[in-house]
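Undergrad: coords below, sequence missing:
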């Protein structure tokens, strides 16, 4: 999609076509396109069908109601912030007293929309003409033009001094895919940090895999997961320098770093806890282990083992029934003996692919019992731990 074809979608004819092709299934696209091209320009029909596909993809991030009204680019769908995460961040800005934000590298406007819905005035800036046009169309489609000003400009040349806070979401994808070097972001992380340090308050969205040693001393570092999936990391400036936190959505649930040393390695207990990905990325497994009175299975593996079952929102609990050295034949025999029909395979510190093990250990599922097997290391030795999800008692309830 180019600037011209996108502009055509905003015309009365384009909007009518978008309504007509809403929900078109992939298998019917060719027939629909053939029919519509008899009455409409081919480029407009292609643009409308392409937008319908993008809206269907975007529903998972933005919700069906908003996605059906918004406009997207392929990169915009891929790189935009999930609404639940953007809403959480906007509410945090609002709670910090922010009333205006300069949203630099705004993309299609996902974060700007969440900020505006929190009552915050937004300057949304992107240097790509098409992306800026899409962001402007989205502000209009959702009735937020009174709070969102979209500006097509180079973010490095924008004066942000009139705003309470700055939010920067650098591009982390290039022509060859995902970019891992923060200095290869566009704009580079060093520029974003310099800009943040000049603002009263700032947040920089970064990849969750950023090395901890690359985090400036002046920043608070936050890792965010949604429904158990790690979505992003954010560097906050003007809040609590040096703080590390993991935030779990929905909730939010917040685990703050306490500067604990690495947990001790201990023998396998009755329960295994699998920390949330945000906890692991934030290097806060020690905090979870301390709260559970547990330890590690192996000094390099982020599995916590403990003797007691305790409630925690920061890890999933499993009751361990068997411990075996890694041996596919023994596992296969055990699963057959216990009439297992459903096998879930999880791994940390193992080169074996879960699907490969599942195929070899349970070639012909029989029975209705379910088992979870963890491929891991225990004190350095390749090990299989078998168990099932455990439901911790509620706080204050019977143990």
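TA: Yes, it's here. Only a predicted model underlies this, so the values are computations on that prediction, with no experimental measurement involved.

Undergrad: alpha carbons only for contacts and neighbour counts from here, please
TA: OK.

Undergrad: Name the helix or strand of this protein that has the lowest mean pLDDT.
TA: Ranked by mean pLDDT, DSSP states H and E, the weakest helix or strand in the chain is strand 173-174, scoring a mean of 60.

Undergrad: Can you list phi and psi of the nearest residue to residue 265 once chain neighbours are set aside for me?
TA: Leaving aside its sequence neighbours, residue 265 sits nearest to residue 296 (Cα to Cα, 6 or more residues apart in numbering; 4.5 Å). Note on residue 296: backbone dihedrals following degrees, to the nearest 10 are phi -90, psi 150.

Undergrad: Look up which residues are beta-bridged to residue 296.
TA: Under DSSP bridges, the beta-bridge partners of residue 296 are residue 265, residue 304.

Undergrad: How many neighbouring residues does it have?
TA: 26 (other Cα atoms under 10 Å).

Undergrad: Over to the one 5 residues further on?
TA: By other Cα under 10 Å, 18 other residues sit near residue 301.

Undergrad: how near is it to residue 32?
TA: 53 Å (Cα to Cα, to the nearest Å).

Undergrad: before we move on, what about residue 273?
TA: 51 Å.

Undergrad: and if you look at residue 17?
TA: 11 Å.

Undergrad: all helices of the stretch 151-300 of the chain, in order?
TA: Assigned by DSSP state H, counting those that start in this stretch, the stretch 151-300 of the chain shows helices spanning 189-198, 277-281, 285-292.

Undergrad: In CSV, list those along with mean neighbour count, mean pLDDT and distance to residue 392.
TA: As requested, the helices of the stretch 151-300 of the chain are exported to CSV (neighbours: other Cα atoms under 10 Å; pLDDT from 0 to 100; distance: least, Cα to Cα, whole Å):
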stretch, mean neighbour count, mean pLDDT, distance to residue 392
helix 189-198, 18, 92, 42
helix 277-281, 25, 97, 19
helix 285-292, 21, 97, 11
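
Undergrad: Just send the ones you listed back as CSV, with distance to residue 261 too.
TA: Shown next, in CSV, are these (distance: least, Cα to Cα, whole Å):
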stretch, distance to residue 261
helix 189-198, 28
helix 277-281, 14
helix 285-292, 7
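
Undergrad: Which of these sits closest to residue 253?
TA: Nearest to residue 253 among those is helix 277-281 (11.1 Å), distances taken as Cα to Cα.

Undergrad: From the contact counts, what lies against that closest one?
TA: strand 219-226, strand 229-237, strand 244-249 (3 or more Cα pairs under 8 Å, 6 or more residues apart in numbering; DSSP states H and E).

Undergrad: Report the distance from that helix to the chain centre.
TA: With Cα atoms, centre = their mean, to the nearest Å as the basis, helix 277-281 stands 12 Å off its chain's centre.

Undergrad: next one: stretch 93-109
TA: With Cα atoms, centre = their mean, you get 19 Å for stretch 93-109.

Undergrad: now stretch 320-339
TA: On Cα atoms, centre = their mean, the centre of stretch 320-339 falls 35 Å from the chain's centre.

Undergrad: In it, which residues are buried?
TA: Applying a neighbour-count criterion of 16 or more other Cα atoms under 10 Å, one finds 320, 325, 326, 328, 331, 332, 335, 336, 339 buried in stretch 320-339.

Undergrad: helix, strand or coil for the first one?
TA: Using DSSP: H, G, I helix; E, B strand; the rest coil, the secondary structure recorded for residue 320 is strand.

Undergrad: Surely it touches residue 384?
TA: No: if you go by Cα atoms under 8 Å, residue 320 and residue 384 don't touch, sitting 10.3 Å apart.

Undergrad: And the strands in the stretch 51-200 of the chain, which stretches?
TA: 100-104, 121-126, 148-152, 165-168, 173-174, 177-178 (DSSP state E, counting those that start in this stretch).

Undergrad: okay, residue 17 and residue 32: which has more neighbours?
TA: residue 17 (20 against 17).

Undergrad: out of everything not next to it in sequence, what's closest to residue 272?
TA: Residue 272 sits nearest to residue 305 (Cα to Cα, 6+ apart), 4.5 Å away.
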